[in-house]
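Colleague: Generate coordinates for the sequence data below:
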Amino acid sequence: MTTPTSSLKFPVGIDDYYELKTEGYVHVDKTAAIKTVLEDAKLLIITRPRRFGKTLFMSMLQHFCAPDVEGDQTAALFEGTNLAVQHPDF
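Modeller: Numbering: from 1, shown residues only. Predicted coordinates:
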């Protein structure tokens, strides 16, 4: 059964990963990029057009690296994501 698009929540203007995950917004799971950034990148320069997810990606990286952000626990945010499924030991 598909969900009608009128009930979907799209994250227009949302740049906080915690809010994106806890409020049930529709999003593309880009968590697998965390492994690439942390293991392979010596220098990271993110150059993308406006509204392309740069700040949201940095928020996702912050939530992954910190046990809590502003008092909110972060470990549960990554359960079931591409990173957790493809690299459970990471």
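Colleague: Could you count how many residues lie near Thr55?
Modeller: Neighbourhood size, Thr55 [other Cβ atoms under 10 Å]: 14. Every C-beta, even on glycine, is put in place using the N, C-alpha and C of the backbone.
Colleague: Please apply the same query to Ile34.
Modeller: When counting by other Cβ under 10 Å, one arrives at 21 neighbours for Ile34.
Colleague: how far out from the middle of the chain is the strand or helix carrying it?
Modeller: Remark: Ile34 resides in helix 32-40, with elements defined by DSSP states H and E. Distance, stretch centre to chain centre, for helix 32-40: 13 Å (Cα atoms, centre = their mean, to the nearest Å).
Colleague: cool, stretch 78-90 as well?
Modeller: Mean C-alpha position of stretch 78-90 versus that of the full chain (Cα atoms, centre = their mean) differs by 12 Å.
Colleague: re earlier: counting by contacts, list what the helix holding Ile34 packs against.
Modeller: Judged by 3 or more Cβ pairs under 8 Å, 6 or more residues apart in numbering; DSSP states H and E, the packing partners of helix 32-40 are helix 54-65, helix 82-86.
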